[in-house]
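Student: For reference, the sequence and a predicted model appear below.
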Amino acid sequence: MTFKYRILLFALFFCVSNQFVLAQKNDSKNDKKEVSVYGLDTLIHPVPMQRSLFFDKVSKQQKRADLSDGVADDFIRIAEDEEASKMLSNSLLKEVGRIQIMIENLPIADKFSENQTKIAYHRALENVLVQFNNETRQAPIYYKRLVTNFKQMVIAKFEGKINEFVRDNVNVYSLANSPLLSDADKDFLCQEISKQDPKLLIKKLPEFASKPCADVLLAAAAKIMPDEVFNYAASTNVGIINAFNRNTDPLVKTIVRIVRESKTPLKAKSFLNDIHSGKMTIAEADQITDNQDLFFKNLVRLKMEKQTLGGSSVDGELEYRALRDYVRIMDELHDKPEAVRFKCIEALSPEAIYYIIVYGQEEIYTSSFTGAFKRMMEKMKPLAGDEFLEKLHYDKFRTFIRMSAGFSRLDQFLATFAEDKKQTLMRDFVANLGKGKDDELEDAVDVADAFGSIEDSVLIEFLRAEVKDNYEKSYQQRSKKGLKVYALLSTLFESAKDSLTEEEAAERSEQLRLPSINLVPYANLLDDDSAVVEQFFFYGDEDGKMSYTSFLSNFKGPKWKMTTTKYWVNITATSGKKINVFANLPLAEPEDEEAQKALNKHLDDNNIHPAVLIHRGHSYHLPTTLERLSNRTKVVVLGSCGGYHNLSTILNNSPEAQIISTKQTGTMAVNEPILRALNDNLNDGVDVNWVNMWKRLSGEFKGKTSESLFKDYVPPHKNLGAIFIKAYRRLDADNG
């Protein structure tokens, strides 16, 4: 990283930190204005007997929260993140304790009213902690703001200013603390949030289906999230049925008609806009959805017409159909002649093939991508690449560029551009990443991932200059998100080089304010019994059975002890450091799912927490595997690279996880050597150093037929998408 970039990155931290310091100073000024009772940290009077039970319930939930990391020490530790841990501990342990005291100290004159009011406050405060204890996946900043909102709401109620407070704080935190509100204030809050962001409320529809705000919510949600409204329209719940029957919104009524009249409403809902506008009847939609290719072609038509109503349904169907009807067929026929393998896409337009590629990103093999790309390019003629993307409104073009770079086809696509058009495309590729909500990072992750695959030195220098230019624009525009995104991308540029050394990886970690991106300390992998626990997920198809047999070959000989039950195998190391491996048996579907459930129950019942989680199966099985992630998971080995959504899911549940992935479905010839190398490290009781391990493995694969397959594997220190998400979230936590 150049000195100038270091200054820019420092400026970002200084700028954002300054804002945080100013906010703290303002908070201090506000504190001085508080009535003294709000700031006391001791009780004026002992808690009366009739309220002590409710006071103690809050304290018990605090103890549960304190124990969530396994240690009762008045500190809630989140993996390696010290700052986030301090924020969470201060909010849920110290600040909640102060609020308990404040509630008891409030001078309410009427004793009966005082008792009932304060009990209600303690119950609501208990619910804040119950939310954390039952669902710990929210960021620490969420709980900090939630607790702050709670205190301010109690003060507003005490001072008779609750109406003003609710109108000034229409947000998710007031919604979570709504048990403190009257029915009228709840309904106002519900209606306003329904208008501004119905996504926050739609899951709560059953709670207030009979209330006026349900009418507002359904009308607002139908326009931006019709899928959820469709799901509720098909409900058998009497209250929800009545809410739909009384709703007068024309779009809601169209949704109800599709649900009740279509033969296949889940498919027909993609044509909501056509049906609602009268362009298509429900019967005509049913005819289209009955034909595989015709359905896909019409889904592509909807994308090219930029129809936004029902857009999420169209996206969902495109992904499902691209994978099921095209990508998986091409993958499964990988050993067949091209005429057979790619017959399923021969009759499709280049636009349709483009969408098969970008929506099939989670599972498409290298050779499947290459064959589909070749046919798309042939059918695209005589259009240049920029003219082709223009027809598609540049939809998902960052994903396409990232995939083309990853599969070494970007140069071929860019060769169809005039030089000025090529520069415009790549300029747009890195531009405007500061737009949108703070947590909308898919485009930025595509850019980060592409950095690791682009080999054209001229193009790399061009992109480097564009990142710098966009950083400066973000500074001028005071775009906090833009500053973070482009400062991180500038650092990640240096991490993209093939010859990254151990020292350089450590330096990148420090610059990104992350725990080491190239190292997993052995101590972090140990459970309470000083063992490293691994869990493997196998599935009951033929590939799963073959993978399981191959997996067992790693544990032969006196060094390992194997115990097999009805549903799983347990393998333990008999020498060296403790390793405890669990794997479900690849029983025929659907018994494989039963085997996984039985193993999961055994692990939960015995308080066994895997630190290493390995997925051995096709990508369409991956959601089942990812359900087992927790904040104790430190290493995740995937059978496929996974796009932004999989990375985001992993890091939501396992913030410190380091991820090994591949650009295509994993192969046994590569998986086994990687896993053997990992277990050799663990058996020796030494830290896992990815840079060194990958160097050794590169030498092991050199000259073998599996060398090219190994090159498709992405080690944790080169998984720039995952590193970007971690670093971005760390900045958010530091400056929340």
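Tutor: Cool, got the structure.
Student: where along the stretch 501-650 of the chain do the helices fall?
Tutor: Using DSSP state H, counting those that start in this stretch, the helices of the stretch 501-650 of the chain run over 502-512, 542-552, 591-605, 622-626, 644-653.
Student: among the ones you listed, which is nearest residue 57?
Tutor: Across the helices of the stretch 501-650 of the chain, residue 57 has its closest neighbour in helix 591-605 (25.8 Å, CB to CB). For every residue, glycine as well, the C-beta is placed using N, CA and C.
Student: picking up where we left off before, output the helices of the stretch 501-650 of the chain in TSV, with mean pLDDT and distance to residue 140 appended to each entry.
Tutor: Shown next, in TSV, are those (pLDDT from 0 to 100; distance: least, CB to CB, whole Å):
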stretch	mean pLDDT	distance to residue 140
helix 502-512	81	19
helix 542-552	88	38
helix 591-605	94	25
helix 622-626	81	22
helix 644-653	81	13
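Student: what would those look like in JSON lines with distance to residue 391 and mean neighbour count?
Tutor: Putting the helices of the stretch 501-650 of the chain into JSON lines (distance: least, CB to CB, whole Å; neighbours: other CB atoms under 10 Å) gives the following:
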{"stretch": "helix 502-512", "distance to residue 391": "39", "mean neighbour count": "17"}
{"stretch": "helix 542-552", "distance to residue 391": "38", "mean neighbour count": "17"}
{"stretch": "helix 591-605", "distance to residue 391": "43", "mean neighbour count": "17"}
{"stretch": "helix 622-626", "distance to residue 391": "32", "mean neighbour count": "18"}
{"stretch": "helix 644-653", "distance to residue 391": "25", "mean neighbour count": "19"}
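Student: Out of these, the one nearest residue 580 is which?
Tutor: Distance to residue 580, taken as CB to CB, is lowest for helix 591-605 among the helices of the stretch 501-650 of the chain, at 10.2 Å.
Student: now the angle between helix 542-552 and that closest one, please.
Tutor: Angle, helix 591-605 to helix 542-552, by axes from the mean of the first three to the mean of the last three CA atoms, to 10 degrees: 50 degrees.
Student: Could you measure from residue 570 over to residue 87?
Tutor: Residue 570 sits 39 Å away from residue 87, going by CB to CB, to the nearest Å.
Student: so which of the helices of the stretch 501-650 of the chain comes closest to residue 582?
Tutor: helix 591-605 (6.0 Å).
Student: Quick check: which helices or strands does the closest one pack against?
Tutor: strand 532-538, strand 568-573, strand 579-584 (3 or more CB pairs under 8 Å, 6 or more residues apart in numbering; DSSP states H and E).
Student: Pick the most buried one from those.
Tutor: strand 532-538 (a mean of 25; mean count of other CB atoms under 10 Å).
Student: what does the average pLDDT come to for that one?
Tutor: Average pLDDT, strand 532-538: 95.
Student: Also stretch 129-140?
Tutor: 82.
Student: Other residues contacting it?
Tutor: Stretch 129-140 has contacts (CB atoms under 8 Å, 6 or more residues apart in numbering) with 58, 61-62, 64-65, 68, 78, 84-85, 87-88, 91-92, 96, 143, 176, 631, 652-653, 729, 732-733, 736.
Student: and if you look at stretch 592-603?
Tutor: Residues contacting stretch 592-603 (CB under 8 Å, 6+ apart): 535, 537-540, 544, 566-568, 582-587, 608-610, 624, 628.
Student: The helices of the stretch 501-650 of the chain into CSV, with extra columns for distance to residue 412?
Tutor: What follows is those, written out as CSV (distance: least, CB to CB, whole Å):
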stretch, distance to residue 412
helix 502-512, 31
helix 542-552, 31
helix 591-605, 41
helix 622-626, 30
helix 644-653, 25
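Student: quick one: which of these is nearest residue 385?
Tutor: helix 644-653 (23.4 Å).
Student: Rebuild the helices and strands packed on helix 591-605 as JSON lines, extending it with distance to residue 231.
Tutor: Formatted as JSON lines, these follow (distance: least, CB to CB, whole Å):
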{"stretch": "strand 532-538", "distance to residue 231": "28"}
{"stretch": "strand 568-573", "distance to residue 231": "35"}
{"stretch": "strand 579-584", "distance to residue 231": "31"}
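Student: Pick out the residue closest to the middle of this structure.
Tutor: Nearest to the mean C-alpha position of the chain, by CA atoms, centre = their mean, lies residue 648 at 2.4 Å.
Student: Pull the contacting residues for residue 521.
Tutor: Residue 521 neighbours (CB under 8 Å, 6+ apart): residue 687.
Student: Which one, of the helices of the stretch 501-650 of the chain, ends up nearest to residue 376?
Tutor: Nearest of those (CB to CB): helix 644-653, 22.5 Å.
Student: Counting by contacts, list what that closest one packs against.
Tutor: Helix 644-653 packs on helix 442-451, helix 622-626, helix 720-734, going by 3+ CB pairs under 8 Å, 6+ apart.
Student: The longest one to helix 442-451, inter-axis angle?
Tutor: Calculated by the same axes, to 10 degrees, helix 720-734 forms an angle of 130 degrees with helix 442-451.
Student: Can you give the distance of stretch 299-314 from its chain's centre?
Tutor: A distance of 24 Å separates the centroid of the chain from that of stretch 299-314, by CA atoms, centre = their mean, to the nearest Å.
Student: ok so, going back, shouldn't the residue nearest to the centre of the chain be in contact with residue 725?
Tutor: Yes - applying CB atoms under 8 Å as the test, residue 648 and residue 725 come out as touching, 6.5 Å apart.
Student: shared neighbours of those two, anything?
Tutor: With CB under 8 Å, 6+ apart, residue 648 and residue 725 have common neighbours residue 441.
Student: for residue 391, what are its contacts?
Tutor: Contacts were defined as CB under 8 Å, 6+ apart; by that measure residue 391 touches 304, 351, 383.
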